[in-house]
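Participant: Compute the structure for the input listed below.
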Amino acid sequence: MLHRGPPPSGGGLLEKNDHAGSSQEREREGLQLLFEISSLLSDSSQMETVLKPVLERIARYLGIIRGMITILNRTRGEIAIAEAWGLDDSQKLKGRYSLGEGITGQVIETGNPAALRRIADDPRFLNRTGARKKAETKDISFVCVPIRLGPEVIGAIGVDFPARGASEPGAPEARTAETQMAEVQPPGSRETLDYEVRILSIVAASISQIVRLHQVEREEMEDLKAENVRLQEQLRTELRTRYGSSTYVIGNSKIMRSLYQQIEQVSGTNATVLLLGESGVGKERIAQAIHYGSPRSERPFIKLNCAAIPETLIESALFGHEKGAFTDAVKMRKGYFEQANCGTIFLDEIGEMPLSIQTKFLRVLQEREFERVGGSQTIKVNVRIIAATNADLQKCIAQGRFREDLYYRLSVFPLVVPPLRERKTDIMLLADHFVEKFSAEHNKTIRHITPSAIDLMNRYPWPGNVRELENCIERAVILSRDEAIHSYHLPPGMQKEGAGTSGRGRATLNEVLESVEKEMVEEELRYTRGNMARAAQNLGISERIMGLRVAKYGLKKDSPS
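Facilitator: All right, here's what the predicted structure looks like:
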């Protein structure tokens, strides 16, 4: 039961009426503290946040430096700070103890209160939060009392007081008649902490039900977090097992399913992989699928485009440099190979790597070792290498731009990524994916892609492959105003390619305009369910013009029954 109303008179709080007026004032303050806490607990609307006000009342009436309420997690056996006064958030996070660890852990384990006149004199005090500076510990007393619910200890209240009248460091805590009398002396002269122990014990009993609610809530939250982590790992494992690389690469065509099988076969190994394919086919996504489907998935995945780094800097980028190796080398820097240690490095556009670097790169492939620029210490790395290129490496070898021995070292397991024109059935899967992606990114709602737009995308050869499709869909999403993607939202160059009927390989202006007009009329008739009058009104043309366009393009004009 929660404590209600004025506190009981037991426990020595009201039995000292024969002492000085200052002692009586102290007793009155204690009673006032307990009464205010009881009033807080009687307000059911503050149950979730009442612990903070309780500590504030303790600080006001007992003059504490800082205080905390800790709660035991019964599942994990860990004690953590639930609420604090005088501690910042980072200090609260540090306040974690095991059962029996430190003063707080011992109080909760044994159920006995503890009172330290000077925390500097007791090696059991851990200062886990880091809130007490070493110089201050000689002037701080600490009281910790258990919070009980029946026979069970569920937490503790711990508070720091300014040390008053304490003996010199190392002096014994002997209880004498003088020290027992001191507990009812004015605050400036008291030597024992029994009064504080009694007051805080009553507070602990009063808030025990609230602390139990917090304990159950925190334990449930910890269980949910642990379950969430477990389910995420289980889902990741299932995705790797069931879907493999399709988690990272979109496509369900026969040629892509064959590629997935090869990816899954090589992912579990440490073999070097060479990805071949045109620009924009998704070679980087394939590299990610290989890495995250491998035992190295929790390790670094480092990406480097060899064509994007000047020849004078690529050696330093790959292998790192020592301080003073060249003019701007003001400090030592680890290269990409060193950063990728125990993980995977992905080298895109490997065909553009300068010949001067290819020799050193060949050594890394063979020996997995190198030296930083300006250094003499040999550095060994455990790294998997995935390279990619859109160039014909055999042609580069014939031209003397690429080492033949490096080519054979790289092509341990070559994978050819097909262009988009060879996987037509994947176009709409990719388009739908990009529509969803860019709708969220640009805060637009796109419900469908019109048949004419679908037809145009299926007929287009996509020389820029998946990257070009992605850019086209983003443009169409931005241009759309009616929650649909039409053919006229696609780039003009694509419309010319798709609308050509003159036999010259590209459409005339009239052919493009007619294609757009036909699509708009057809879409409006579908939207109005064949109501030509309403369709004409929506398009801003007369019914007569509407009838002519329907006849011209051979469209169905009957309203549905």
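
Participant: quick one: secondary structure of residue 142?
Facilitator: Three-state assignment for residue 142 (DSSP: H, G, I helix; E, B strand; the rest coil): strand.

Participant: That one contacts residue 158, doesn't it?
Facilitator: Yes: between residue 142 and residue 158 a contact is recorded at 6.7 Å, counting by Cβ atoms under 8 Å. (Each C-beta comes from the backbone N, C-alpha and C, glycine too.)

Participant: which residues are common contacts for the two?
Facilitator: residue 103 (Cβ atoms under 8 Å, 6 or more residues apart in numbering).

Participant: tell me the contacts of residue 276?
Facilitator: 388-390, 414-417.

Participant: The same query, at a cut-off of 7 Å, please.
Facilitator: Residues near residue 276 by Cβ atoms under 7 Å, 6 or more residues apart in numbering: 389, 414-417.

Participant: List only buried entries from the residues you listed.
Facilitator: 389, 415, 417 (16 or more other Cβ atoms under 10 Å).

Participant: Please identify the buried residues of stretch 343-355?
Facilitator: 343-353.

Participant: from these, which is closest to residue 30?
Facilitator: The nearest member of the buried residues of stretch 343-355 to residue 30, counting by Cβ to Cβ, is residue 343 at 62.1 Å.

Participant: What count of nearby residues applies to residue 514?
Facilitator: 17 (other Cβ atoms under 10 Å).

Participant: Give me the three-state assignment for it.
Facilitator: Reduced to three states by three-state DSSP, residue 514 is helix.

Participant: any idea how far it lies from residue 551?
Facilitator: Distance of residue 514 to residue 551, given as Cβ to Cβ, to the nearest Å: 14 Å.

Participant: And residue 204, by the same measure?
Facilitator: 90 Å.

Participant: Please apply the same query to residue 383.
Facilitator: On the measure of Cβ to Cβ, residue 383 and residue 551 end up 68 Å apart.

Participant: Counting neighbours, what do you get for residue 544?
Facilitator: 9.

Participant: just how off-centre is the strand or helix carrying it within its chain?
Facilitator: Residue 544 belongs to helix 543-553 when elements are defined using DSSP states H and E. Mean C-alpha position of helix 543-553 versus that of the full chain (Cα atoms, centre = their mean, to the nearest Å) differs by 57 Å.

Participant: got the CA positions of it in PDB?
Facilitator: Extracted in PDB, the C-alpha atoms of helix 543-553 (Å, rounded to 0.1, in the frame of the first residue of the first chain):
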ATOM      1  CA  GLU A 543     -17.200  17.700 -76.900                       C
ATOM      2  CA  ARG A 544     -16.900  18.000 -80.600                       C
ATOM      3  CA  ILE A 545     -13.100  18.100 -80.500                       C
ATOM      4  CA  MET A 546     -13.200  15.300 -78.000                       C
ATOM      5  CA  GLY A 547     -15.300  13.200 -80.400                       C
ATOM      6  CA  LEU A 548     -12.900  13.900 -83.300                       C
ATOM      7  CA  ARG A 549      -9.900  12.800 -81.200                       C
ATOM      8  CA  VAL A 550     -11.600   9.600 -80.000                       C
ATOM      9  CA  ALA A 551     -12.400   8.800 -83.700                       C
ATOM     10  CA  LYS A 552      -8.900   9.700 -84.800                       C
ATOM     11  CA  TYR A 553      -7.100   7.400 -82.400                       C
END
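
Participant: Run through who's touching it.
Facilitator: With Cβ under 7 Å, 6+ apart, helix 543-553 has contacts from 517-518, 521, 532-533, 535-536, 557.

Participant: Mind checking which of those residues land in strands?
Facilitator: Among these, no residue falls in strands (DSSP state E).

Participant: so where do the strands sit in the stretch 51-200 of the chain?
Facilitator: 66-73, 78-85, 96-98, 114-116, 140-149, 152-162 (DSSP state E, counting those that start in this stretch).

Participant: same thing with the stretch 251-400 of the chain?
Facilitator: So, for the stretch 251-400 of the chain - with DSSP E, counting those that start in this stretch - the strands run 273-276, 301-305, 320-321, 333-334, 344-348, 369-371, 378-380, 384-389.

Participant: Of these, give the one that comes closest to residue 432.
Facilitator: strand 273-276 (25.2 Å).

Participant: and the closest one, which strands flank it?
Facilitator: The pairing partners recorded for strand 273-276 under DSSP bridges are strand 384-389 (parallel), strand 413-416 (parallel).

Participant: Relative to residue 131, how far out is residue 90?
Facilitator: In terms of Cβ to Cβ, residue 90 sits 10 Å off from residue 131.

Participant: And the closest residue to residue 438 other than its chain neighbours, which helix or strand is it part of?
Facilitator: Once flanking residues are discounted, residue 438 sits nearest to residue 477: 4.3 Å by Cβ to Cβ, 6 or more residues apart in numbering. Here residue 477, judged by DSSP H and E, is contained in helix 465-479.

Participant: which parts of that helix are buried?
Facilitator: Of the residues in helix 465-479, 465-466, 468-470, 472-474, 476-477 count as buried by neighbour count, 16+ other Cβ under 10 Å.

Participant: Could you list the residues in contact with that helix?
Facilitator: 278-282, 419-420, 427, 430-431, 434-435, 438-439, 442, 444, 446, 462, 485, 489-491, 494.

Participant: let's go with 6 Å and repeat that
Facilitator: 278, 280-282, 419-420, 430-431, 434-435, 438-439, 442, 444, 446, 462, 485, 489-491 (Cβ atoms under 6 Å, 6 or more residues apart in numbering).

Participant: packing partners for the longest helix along the chain?
Facilitator: Ranked by residue count, the top helix of the chain under DSSP state H comes out as helix 208-242. Here helix 208-242 touches strand 66-73, strand 140-149, strand 152-162, going by 3 or more Cβ pairs under 6 Å, 6 or more residues apart in numbering; DSSP states H and E.

Participant: partner strands of the shortest one, parallel or antiparallel?
Facilitator: By that I understand strand 66-73. Partners of strand 66-73 in its sheet, by DSSP bridges: strand 78-85 (antiparallel), strand 152-162 (antiparallel).
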